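In: sequence first, then the predicted structure:
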Amino acid sequence: MNLFQNLALKYSHTMMEKSLQKGFNVELLKKPREKTPKNDKSYMLYAHIPFCHTFCPYCSFHKYYYDENLAKAYFENLRKEILLIKEQGFNFTSMYVGGGTTLIHEEELLKTLELCKKLFDIKEISCETDPNHINPEKLSMFKGVIDRLSCGVQSFNDDILKKVARYNKFGSSQILQEKISKAVNILPIFSIDLIFNLPGQTIEQLLNDLTIAKNLAPQQITTYPLMKSGLTKDNIAKSLGVSIKDNEFEFYQIIRGFFKDYQQNNGWSFSLEKNTFNDEYVSSHHEYLGVGSGAFSFLDGELLINAFDLNDYARLIKEKQNANIAKASFDKKEIIKYVFLTEIFAGKIDIDRFNKTIKCDLEKDLFIELLGLKASGAIKKEGKFLFTSEFGQYLFVVLMKDFYTGMDLVRAVFRDNKRIKNKDFIDIMKEDVNPLDPASMEFKVN
Ligand SMILES: C[S@@+](CC[C@H](N)C(=O)[O-])C[C@H]1O[C@@H](n2cnc3c(N)ncnc32)[C@H](O)[C@@H]1O
Ligand code: SF4
């Protein structure tokens, strides 16, 4: 990376933080927001399954410890919420189920997915799971239902697995490989999730993880850079230690080189064959509706946040209300920037299509931003398309990582205050909050 690129990276990172501080001004809602579909818009359905048997130190996703009765009651409420959005007139062609561990209760999940397929024109479903829920018999139940399944591995190194408390729970590297080799060809797409740039991780360990993953021949491999937010950085330091040197850029280049013979779906996902169905549902769908506890919806420039607390969620569903309890609004420019990031993350933007779908003039509305990105060599224009360079791919990985880290701001508020109660419509975030600094994460209650 040259000096100019280094500056561009630092500048973009700072601008992203500013944008997040401004954008994630969350307000509690007096009563849930109505969700109304627009005729000309295509939506994606997101469902959240907030249960895990084990909590990993680096993970900030919204979750509870698994309890069978709790999970059964939850799935029942989830199906009621899905019926409610059907009554509101929504339709979907694509569904992403995230967690937690979405296959934690296979029968309940299957019932829920079958309901969604019956109610909506869903053509593709993606789910996330852990290595304890990929046995061939169970997976076979989902043939013709789940199209893509991603399984968290994180690393094939036994020491790392022990440090992140996954060795005893999910098995040694050898056991993980055996489990995965039996699971890869049951559903159309099997993705292995790895995390890189873990503190203390060496180039040899990284190459070993990539080689094992490639040899298992899954249809996709996703390599996430380690994301640290105020919510997770202490636990990461306790379990894995603190990095002496940040290897992110170097490791990212190694990964891209390693997957030269693969198709790159986006900044961090690689496939044997080009596939638009990958981990980044936000790249393919600008607007999405989230169901379930702690799910986010992005509709009409607003981020709506569903109740995190399971009792609050159950109460809202019982009252036949939309389950959202808070919102964050974005102005037009913020929306254009957000959609720009999610699309360019996949490597290319069709400017005319972008302008038509977002109803904007990208080159005018983000004139300064695009000028900087072009000057630093992150993007280039060819005809009516914008393409990322190798440096650009990395820059957008960093910005996407910042974006996800920023989402932890919202989770931070609700995690420790799952039962936030307030009479009024209030600002709960401090204006000068910094996603990377937990000390700034207190929130004000007016
Ligand atoms: C929501 S998790 C679900 C995976 C599943 N429960 C499991 O543990 O195998 C999806 C993936 O996000 C990635 N992930 C979670 N926390 C991360 C972090 N702090 N940094 C980078 N990737 C992370 C992991 O690769 C994980 O497998
Ligand atoms: S990585 Fe998976 S198992 Fe671990 S806490 Fe996150 S969602 Fe749960």
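Out: Sure thing, it's come through. Numbers count the residues shown, from 1 in each chain. Ligands and ions are numbered 1, 2, ... in the order given.

In: from here on, just use CA atoms for contacts and neighbour counts.
Out: Fine.

In: does D234 sit in a helix or strand, and which one?
Out: helix 233-240 (DSSP states H and E).

In: with K117 instead?
Out: With DSSP H and E as criterion, K117 is part of helix 106-119.

In: distance from stretch 323-333 to the middle of the chain?
Out: 18 Å (Cα atoms, centre = their mean, to the nearest Å).

In: quick one: buried residues of that stretch?
Out: A323, N324, I325, A326, K327, A328, S329, F330 (16 or more other Cα atoms under 10 Å).

In: just to revisit the earlier point, give me the contact list for the helix holding K117.
Out: 72, 75, 78-79, 82, 86, 102-103, 122, 138, 141-142, 145 (Cα atoms under 8 Å, 6 or more residues apart in numbering).

In: ok, now with 6 Å
Out: By Cα atoms under 6 Å, 6 or more residues apart in numbering, no surrounding residue is in contact with helix 106-119.

In: how about that helix and ligand 1, touching?
Out: No: figure legend: helix 106-119 not in contact with ligand 1 (Cα under 6 Å from any ligand atom); closest approach 13.9 Å.

In: check which element follows that helix along the chain.
Out: Downstream of helix 106-119, the next assigned helix or strand under DSSP H and E is strand 124-129.

In: identify the residues contacting the following helix or strand past that next one?
Out: Proceeding N to C from strand 124-129, the next assigned helix or strand is helix 136-140, under DSSP H and E. Helix 136-140 is contacted by residues A183 when judged by Cα under 6 Å, 6+ apart.

In: so the helix or strand following helix 136-140 versus strand 124-129, what angle?
Out: Using DSSP H and E, the helix or strand that follows helix 136-140 in sequence is strand 148-154. Angle of strand 148-154 versus strand 124-129, following axes from the mean of the first three to the mean of the last three Cα atoms, to 10 degrees, is 20 degrees.

In: ok, now how distant is the nearest residue in space to S173 that is not next to it in sequence from D331?
Out: Spatial nearest neighbour of S173, excluding adjacent residues (Cα to Cα, 6 or more residues apart in numbering): F156 at 4.8 Å. When Cα to Cα, to the nearest Å is the yardstick, F156 and D331 sit 43 Å from each other.

In: do L149 as well
Out: Counting by Cα to Cα - L149 and D331 are separated by 35 Å.

In: is ligand 2 within reach of the helix holding D234?
Out: No: Helix 233-240 stays clear of ligand 2 (Cα under 6 Å from any ligand atom), getting no nearer than 12.0 Å.

In: how about that helix, does it reach ligand 1?
Out: No: Helix 233-240 lies apart from ligand 1 when judged by Cα under 6 Å from any ligand atom; the minimum separation is 8.5 Å.

In: give the next helix or strand downstream of that helix.
Out: Downstream of helix 233-240, the first helix or strand assigned by DSSP H and E is helix 248-258.

In: now do that next one: distance to the chain's middle.
Out: Distance of helix 248-258 from the chain centroid (Cα atoms, centre = their mean) equals 21 Å.

In: and if you look at stretch 337-348?
Out: 14 Å.

In: cool, stretch 329-337 as well?
Out: On Cα atoms, centre = their mean, the centre of stretch 329-337 falls 19 Å from the chain's centre.

In: could you dump it to PDB, C-alpha only?
Out: Presented in PDB, the C-alpha positions along stretch 329-337 are these (Å, rounded to 0.1, in the frame of the first residue of the first chain):
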ATOM      1  CA  SER A 329     -33.400   7.200  10.200                       C
ATOM      2  CA  PHE A 330     -31.000   8.000   7.400                       C
ATOM      3  CA  ASP A 331     -31.000  11.000   5.100                       C
ATOM      4  CA  LYS A 332     -30.900  10.500   1.300                       C
ATOM      5  CA  LYS A 333     -27.100  10.900   1.100                       C
ATOM      6  CA  GLU A 334     -26.500   8.400   3.900                       C
ATOM      7  CA  ILE A 335     -28.700   5.900   2.000                       C
ATOM      8  CA  ILE A 336     -26.900   6.400  -1.200                       C
ATOM      9  CA  LYS A 337     -23.500   5.900   0.600                       C
END
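
In: list the buried ones in the helix holding D234?
Out: Neighbour-count burial for helix 233-240 flags K233, D234, N235, I236, S239, L240 (criterion: 16+ other Cα under 10 Å).

In: follow-up on the earlier one: narrow the buried residues of stretch 323-333 to those in strands?
Out: Those of these mapping onto strands are N324, I325, A326, K327, A328, S329, per DSSP state E.

In: sorry, back to before: quick one: the residue nearest to S173 from ligand 1, how far?
Out: Applying Cα to the nearest ligand atom, to the nearest Å, one obtains 12 Å for the distance of F156 from ligand 1.

In: is that residue in a helix, a strand, or coil?
Out: Following DSSP: H, G, I helix; E, B strand; the rest coil, the label given to F156 is coil.

In: measure it to F55 for me?
Out: 18 Å.
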